[in-house]
Each structure stands twice: as C-alpha cells, then as structure tokens.
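**Student:** here is a sequence with its predicted model. Questions after.
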Amino acid sequence: MTNPPQLPPPSPFPVQQSHGNATAALVLGILGLTMVPGLGIVAWVLGSKALEEMDATPYAGWSNRDHAKVGKILGIVGTVYFALIILFFVCYFGFVIIALGATAAAG
C-alpha cells in the first residue's frame, strides 16, 4: 500500500492579496506626470476607489496599499498640473486673440 501524499501545513500568516486598481493607479499616476497629463484624473479616481475597497475589507490583507496612496497623490498632482497647462493655453490664446484684434482695429 502506498501512503497518500502529505500536504504542507497551512501557513500561520494570512495570505496577502494584491489590489489591481492600486497598481493601475500608481502606473497611471506616473504616466500622468511624465507623459500624458490627463491620466492624473484617472489615477486619482482609481487610487481613491482602491483605498475605499481596502478600508471596507481590512481582513483581506492587502499587500499594496502604498501603491494606492501614492497613485492617488500622483493623480492629484497630475490633475493640478493638467489644470495649469489648460489655464496657460487659455491665457496664451486669449492674449493672442486680443493682440490680433487690437492690431486689426489699429490698422
């Protein structure tokens, strides 16, 4: 007779889970600051949702809470950066239109 295979004993430590939105928020936050400023808004929303879900289920043992926090912060910074870029372009083109109107009226 053969003995059945022995399974290892269960781990005394809880199994940690990785939250997908937390990692996505971190990646989009980095991309929002470096390449595509509009992604900061998405990173902010994903980071906030991931943190809410992690707070709702603390017993799940989330392993990447820091990713969600940093992604949310980078999203906020990226959103402010995006808003400043838009404000700059609006002011720039507004001054160009005013200047062109002034030169057309003077000519």
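**Tutor:** In hand now; what should we look at?
**Student:** host element of the closest residue to residue 62 other than its chain neighbours?
**Tutor:** Using CB to CB, 6 or more residues apart in numbering and skipping residues adjacent in sequence, the residue nearest residue 62 is residue 54, 4.7 Å away. Quick note: C-beta positions are derived from backbone N, CA and C, even for glycine. Counting by DSSP states H and E, the element that carries residue 54 is helix 39-56.
**Student:** show me what counts as buried in that helix.
**Tutor:** 39-51, 54 (16 or more other CB atoms under 10 Å).
**Student:** between these, which is closest to residue 92?
**Tutor:** Looking at the buried residues of helix 39-56 and their distance to residue 92, the nearest is residue 40, at 21.1 Å (CB to CB).
**Student:** can you tell me what sits against the helix holding residue 54?
**Tutor:** Helix 39-56 has contacts (CB atoms under 8 Å, 6 or more residues apart in numbering) with 19, 21-22, 24-26, 28-29, 31-33, 60, 62, 65, 67-82.
**Student:** where do the strands of the chain begin and end?
**Tutor:** Here the chain has no strands by DSSP state E.
**Student:** pipe the buried residues of helix 39-56 into TSV and attach distance to residue 5 per row.
**Tutor:** Shown next, in TSV, are those (distance: CB to CB, whole Å):
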residue	distance to residue 5
39	49
40	52
41	52
42	47
43	46
44	49
45	47
46	43
47	44
48	46
49	42
50	39
51	42
54	37
